[in-house]
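Novice: Return a 3D structure for these sequence lines:
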Amino acid sequence: MDIRQDNPKAPHVADLLAHHLAELRSVMGEHAQALDASGLSAPSVTFWTAWQGDVLAGFGALKQLDARHGEVKSMRAAPAARRTGAGRSILNHIIAEGRKRGYARLSLETGTAPLHAPAVALYRSAGFVSCAPFADYQASPHNQFMSLDLSR
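Specialist: Numbers count the residues shown, from 1 in each chain. Next up, the predicted model:
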């Protein structure tokens, strides 16, 4: 898996990002917290794509919340790349980048619908545990929060 820093507004990202946003909104409605291409282009966000050869396998992002805290954003494996290790590769890359930046903690917000179960399992297998809402998030029946202690 080749992980590359990329532009979320790039044409090769558009279809997968549109699929990601539409799917989340279909199950979470206004509670979907995913960023669109403009949000993923913010200066505080670093965006990566994962490639299997010349095929886009997925993407993910890391948002800096403060000097010691980052947020995993917009993890998505392409439908054809599910269960190929694309998601794990992106997540491992984001965790390594968080450590490289000196973050003490990575946090994330994800949904509670059955659609999110594989992602939650992936996060738990990487050491993420449930936590309270962070940053500006508010708890709802549609979301859950997880964090990974990087200070150890």
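
Novice: Point out where the protein drops to low pLDDT.
Specialist: When residues are selected by pLDDT under 70, those of the chain lie in 29.

Novice: Run through the helices of it in chain order.
Specialist: When secondary structure is read from DSSP state H, the chain shows helices at 11-28, 37-40, 86-100, 117-125.

Novice: ranking those by burial, who's on top?
Specialist: Mean neighbour counts were compared across the helices of the chain using mean count of other Cβ atoms under 10 Å; the top stretch is helix 86-100, at a mean of 19. All C-beta atoms are positioned from the backbone trio N, CA, C, and that covers glycine.

Novice: between that one and helix 117-125, what angle do the directions make?
Specialist: Following axes from the mean of the first three to the mean of the last three Cα atoms, to 10 degrees, one obtains 40 degrees for the angle between helix 86-100 and helix 117-125.

Novice: Let's see the longest strand along the chain as PDB, backbone CA atoms only.
Specialist: Across the chain, the strand with the greatest residue count (assigned by DSSP state E) is strand 55-66. Once non-C-alpha atoms are left out, strand 55-66 reads as follows in PDB (Å, rounded to 0.1, in the frame of the first residue of the first chain):
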ATOM      1  CA  VAL A  55      -6.000   2.400  -8.000                       C
ATOM      2  CA  LEU A  56      -7.200   4.700  -5.200                       C
ATOM      3  CA  ALA A  57      -7.800   2.400  -2.200                       C
ATOM      4  CA  GLY A  58      -8.800   5.000   0.300                       C
ATOM      5  CA  PHE A  59      -8.100   8.100   2.200                       C
ATOM      6  CA  GLY A  60      -7.700   9.600   5.600                       C
ATOM      7  CA  ALA A  61      -6.700  12.800   7.300                       C
ATOM      8  CA  LEU A  62      -5.300  14.200  10.500                       C
ATOM      9  CA  LYS A  63      -6.400  17.500  12.000                       C
ATOM     10  CA  GLN A  64      -4.300  19.300  14.500                       C
ATOM     11  CA  LEU A  65      -6.400  20.300  17.500                       C
ATOM     12  CA  ASP A  66      -3.500  21.700  19.500                       C
END
